[in-house]
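1. fold the following, please.
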Amino acid sequence: MAKSKKSDQQASLNINPSTGTEGSPVKPAETSVEDNIDRTVRQKLVALYSLQSIDSQIDKIRIVRGELPLEVQDLEDELEGLGTRIEKIQLEIRNLDSEVAGKKIAIKDSLDLIKKYGAQQMNVRNNREYDSLSKEIEYQSLEVQLNEKKIKEFAATVELKKASVEEVQADYDERNKDLEVKKAELNDIVAETRKEEELLVERSVRQKKKIDERLLNAYERIRENARNGLAVVAVERDACGGCFNKIPPQRHLDIRLHKKIIVCEYCGRILVDDEIVKTATQE
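-> Below you'll find the model as predicted:
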């Protein structure tokens, strides 16, 4: 009888016989697993949103630099191209100079032969030998004229190429001055924000270590494809904070429950609710 009264008393007080504590009977093992799953997903979302916040701050610092890094890179590429062009033209000039030198040697050789054949004509024994030497003298004379013509053509080409080098060199010098100015501007901006950026980059690296590799790869892939670098966004006014498309009520409920990681069906960004944002901000 006493035992029956004791059981009635426990039921009325809502005591859990397995723990001896107040509350409704539960299945400890099942509830623990569910809580752990929720907590794990919640922790992943908090870690992702914290990483996104850090990376967004880094993006803002780099945006301040504007197009300067790209302009500097473009100028450096242009200068490299101009430098290569100058070297190529100078090589062509050297080759032409070599050709001129070769033609001058050929002219000298032809003149020596003409002189030699002229002397031999004085000692010929018949008309056939004389005519043969005359033809050789005529041929060498034509060779002299041809080589002299080639020398003039080469010289004219050299002058044009030298003028082209001067023009390209002037362009190179002007671009180089622009590059120095752009580099100075960029260095000033970088110097102002370097320390802050380095600290944020270190934080980003540490935060990434808290996220499993598969999820981190997905995050970085989404960031790379997103125009504004946002891979994790909060739900704002029942809409995606990235593409601003409306989120269905059931999907919104799933986001708040933290049972699994939810992505926007329109833009593919990872969605979080205010609770995740608040928790990540307080860390």
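2. show me the domain layout of this protein.
-> 68-208, 212-283 (automatic domain parsing).
3. number of residues surrounding residue 72?
-> 18 (other CB atoms under 10 Å). Backbone N, C-alpha and C define where each C-beta goes, glycine included.
4. then residue 78?
-> Neighbour number of residue 78 under other CB under 10 Å is 16.
5. for it, give me its contacts.
-> residue 175 (CB atoms under 8 Å, 6 or more residues apart in numbering).
6. just name the most buried of the domains of the chain.
-> domain 212-283 (a mean of 16; mean count of other CB atoms under 10 Å).
7. which among the domains of the chain is found nearest to residue 43?
-> domain 212-283 (9.4 Å; CB to CB).
8. avg pLDDT for the closest one?
-> Computed over domain 212-283, the mean pLDDT rounds to 92.
9. and if you look at stretch 165-176?
-> Across stretch 165-176, the average pLDDT comes to 95.
10. could you do stretch 137-157 as well?
-> Per-residue scores along stretch 137-157 average to 95.
11. list the contacts of it.
-> 96, 99-100, 103-104, 106-107, 110-111, 113-114, 117-118, 121.
12. among these, which one lies nearest to residue 201?
-> residue 96 (53.9 Å).
13. that closest one is in contact with residue 162, isn't it?
-> No. Taking contacts as CB atoms under 8 Å, residue 96 lies outside contact range of residue 162: 10.2 Å.
14. return stretch 41-54 as PDB; C-alpha atoms alone will do.
-> This file holds the C-alpha atoms of stretch 41-54, laid out as PDB (Å, rounded to 0.1, in the frame of the first residue of the first chain):
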ATOM      1  CA  VAL A  41      24.900  22.400 -37.200                       C
ATOM      2  CA  ARG A  42      24.500  25.500 -35.200                       C
ATOM      3  CA  GLN A  43      28.200  25.600 -34.500                       C
ATOM      4  CA  LYS A  44      29.000  25.100 -38.200                       C
ATOM      5  CA  LEU A  45      26.700  28.000 -39.100                       C
ATOM      6  CA  VAL A  46      28.200  30.300 -36.400                       C
ATOM      7  CA  ALA A  47      31.700  29.400 -37.600                       C
ATOM      8  CA  LEU A  48      30.800  30.100 -41.200                       C
ATOM      9  CA  TYR A  49      29.100  33.400 -40.500                       C
ATOM     10  CA  SER A  50      32.100  34.500 -38.400                       C
ATOM     11  CA  LEU A  51      34.400  33.600 -41.200                       C
ATOM     12  CA  GLN A  52      32.200  35.500 -43.700                       C
ATOM     13  CA  SER A  53      32.300  38.600 -41.400                       C
ATOM     14  CA  ILE A  54      36.100  38.500 -41.300                       C
END
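15. buried sites along that stretch?
-> 41-42, 44-54 (16 or more other CB atoms under 10 Å).
16. next, residue 125: phi, psi?
-> phi -100, psi -20 (degrees, to the nearest 10).
17. pLDDT wise, what is it at?
-> Confidence at residue 125, expressed as pLDDT, is 87.
18. all the strands of the stretch 1-150 of the chain, residue numbers only.
-> 15-16, 21-22 (DSSP state E, counting those that start in this stretch).
19. for those strands, which has the smallest mean pLDDT value?
-> strand 15-16 (a mean of 31).
20. sorry, back to before: adding pLDDT, write the contacts of stretch 137-157 out as a markdown table.
-> As requested, these are exported to a markdown table (pLDDT from 0 to 100):
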| residue | pLDDT |
| --- | --- |
| 96 | 95 |
| 99 | 95 |
| 100 | 95 |
| 103 | 95 |
| 104 | 95 |
| 106 | 95 |
| 107 | 95 |
| 110 | 94 |
| 111 | 94 |
| 113 | 94 |
| 114 | 93 |
| 117 | 91 |
| 118 | 91 |
| 121 | 89 |
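21. looking at these, which one is closest to residue 131?
-> residue 121 (9.9 Å).
22. now that closest one. Nearest residue, chain neighbours left out?
-> Nearest residue to residue 121, sequence neighbours excluded (CB to CB, 6 or more residues apart in numbering): residue 133, at 5.0 Å.
23. make sure residue 263 is actually in contact with residue 271.
-> Yes. At 6.5 Å, residue 263 counts as touching residue 271 under the criterion of CB under 8 Å.
24. where along the chain do the helices fall?
-> For the chain, applying DSSP state H gives helices covering 2-13, 28-64, 68-121, 127-208, 213-225, 249-257, 274-282.
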